[in-house]
Each structure stands twice: as C-alpha cells, then as structure tokens.
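S.K.: coords please:
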Amino acid sequence: MKTVSMNVKGDEVIVSSPYNSSFLSKAKALRGKWNSVEKTWIFPTDLLKEVQDLLRSIYGFGEETVDVEIRLKGRIGQASLRGRNLLSRKYRDGRVLIGDGVSVLDGEFSDSGGSCRYPAVGEFDGTLLVRDVPKSHLVEVEKIGGWQTEVSYEIRKKNGSKNPYDSYSREELEKMKALIEEALSKKE
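M.R.: The predicted structure is shown next:
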C-alpha cells in the first residue's frame, strides 16, 4: 500500500501520496507543483502548516490508525473510503479489484456487476478487513458501497484482537466529524 510521506528539504516541502482527486485540487490551490519524474508534490516551506493540515484532512496523516472489519450486504457500486479504493470493477464482467490493505474475510462476489458503461462490484454479502484506517475516517464507513448497501463495522486492535474499548461511540464519531468539517470550512 502506498503511504503518505512528507519531507522538508531546503525551501521545499516534498509530499508523496496515493492519488486522490480532492488532494489534487487542494494541492494545486496551495501552489503545489507536481514532479512527474519523482512522482511527488512540491510546496514552498512557508505553507508547511497548510500542507500538514491538508494531508491530515485527506489521508489522516499523522493520526493513529486502526484495522476495521467492515460487513457489507447488498448491491455495491464502487466501494471507497475517503478516496481510498476498497473494491471496484473496471469492466462489468471483469474481476473485482481489491484495494491495497484490504482483505476479503468471507463472502463471494457476483460474476458481473453494473453495466458495460457503468461497471459495479455488484451483489456482495461478506466481510472486509481494512488495515490502517485513520480514526477520523471512521465517520465515513457507513457510506461505503452506496445507498443499497447495509454496512456495519468493528474495530480491531493492531494485534488482530477485537476490543470494544478501541471503538468510538456514535456520539464521539459525530463530534469528530463536526470538528473536521469545521476545520475544513475555515480553510476554504
């Protein structure tokens, strides 16, 4: 799985990260320049705090991460979490592509999904293990797969055990979501 890294060299902040369309547009707005040879973004050091905030909001950079078991049941379009691809299909009758850091614990995918023009994962009733999910991204888990999908999840400790003390209550998740949205609205 491609990770996010940030280094300061001289008068430049150098960022390496997986593709994310939200990051792309916001990086350009911060005067970021794409280095196609090194496959990195270059920012002026006077924007270090803004770059850190952007990486935190998009990728959860610098946050504690957890492993999450996500139970999905229903018709799934393309499953992603804050721009991170979990499940997708390039062609209606093609195989389902499983994202980096994602394992299928149980369940099977349908042979095809969607249409030729709009391929989809299709019917699925199973469980995924998604590794290294920033805790602030947990508020988005219930949106995975679209409106025709039932979603539930359970947080795992890094050693693989399940511990209810590691999970957040719905109220805590809503508070975190409100804080994130407030911080993002101040940036714009």
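
S.K.: show me what Asp125 is bridged to.
M.R.: Taking DSSP bridges, one obtains Lys73 as the residues bridged to Asp125.

S.K.: wouldn't it be in contact with Phe109 here?
M.R.: No - Asp125 is beyond contact range of Phe109, at 9.9 Å (criterion: CB atoms under 8 Å). In short, each C-beta sits where N, CA and C put it, glycine included.

S.K.: show me which of these two is the more surrounded one.
M.R.: Neighbour tally, Asp125 and Phe109, criterion other CB atoms under 10 Å: the higher count belongs to Phe109, 19 against 13.

S.K.: helices of this structure, start to end?
M.R.: Here the chain has its helices, by DSSP state H, at 21-29, 48-59, 170-187.

S.K.: contact partners of the last one?
M.R.: Just to be clear, that refers to helix 170-187. For helix 170-187, the external contacting residues (CB atoms under 8 Å, 6 or more residues apart in numbering) are Glu50, Asp53, Leu54, Ser57, Lys135, Ser136, Leu138, Val139, Tyr168.

S.K.: ranking by neighbours, what's the top pick from those residues?
M.R.: Leu54 (25 neighbours).

S.K.: what does the domain assignment say about the protein?
M.R.: By the record's domain assignment, the chain is partitioned as 5-59, 65-169 (automatic domain parsing).

S.K.: how far away is Asp46 from Thr127?
M.R.: 46 Å (CB to CB, to the nearest Å).

S.K.: could you give the number of residues near the closest residue to Ser115 other than its chain neighbours?
M.R.: Beyond its immediate neighbours in the sequence, the residue positioned closest to Ser115 (CB to CB, 6 or more residues apart in numbering) is Arg92, lying 6.0 Å away. A count of neighbours around Arg92, defined by other CB under 10 Å, yields 16.

S.K.: lowest-scoring secondary structure element of the protein by mean pLDDT?
M.R.: The helix or strand with the lowest mean pLDDT-type score in the chain, counting by mean pLDDT, DSSP states H and E, is helix 170-187 (a mean of 73).

S.K.: what about the strands in the chain?
M.R.: Assigned by DSSP state E, the strands in the chain fall at 5-9, 12-16, 33-35, 40-44, 65-76, 79-81, 84-88, 97-98, 102-106, 122-134, 149-156.

S.K.: shaky segments in this structure?
M.R.: The chain contains residues with pLDDT under 70 at 1-2, 147, 157-173, 187-188.

S.K.: of Asp46 and Thr127, who's got more company?
M.R.: Between Asp46 and Thr127, counting by other CB under 10 Å, Thr127 is the more crowded of the two (18 against 10).

S.K.: how near is the more buried one to Arg156?
M.R.: Note on Thr127: its distance to Arg156, by CB to CB, is 12 Å.

S.K.: then Asp111?
M.R.: 30 Å.

S.K.: so for the two, which residue has more residues nearby?
M.R.: Comparing Asp111 with Arg156 by neighbour count (other CB under 10 Å), the higher total belongs to Arg156, at 19 against 10.
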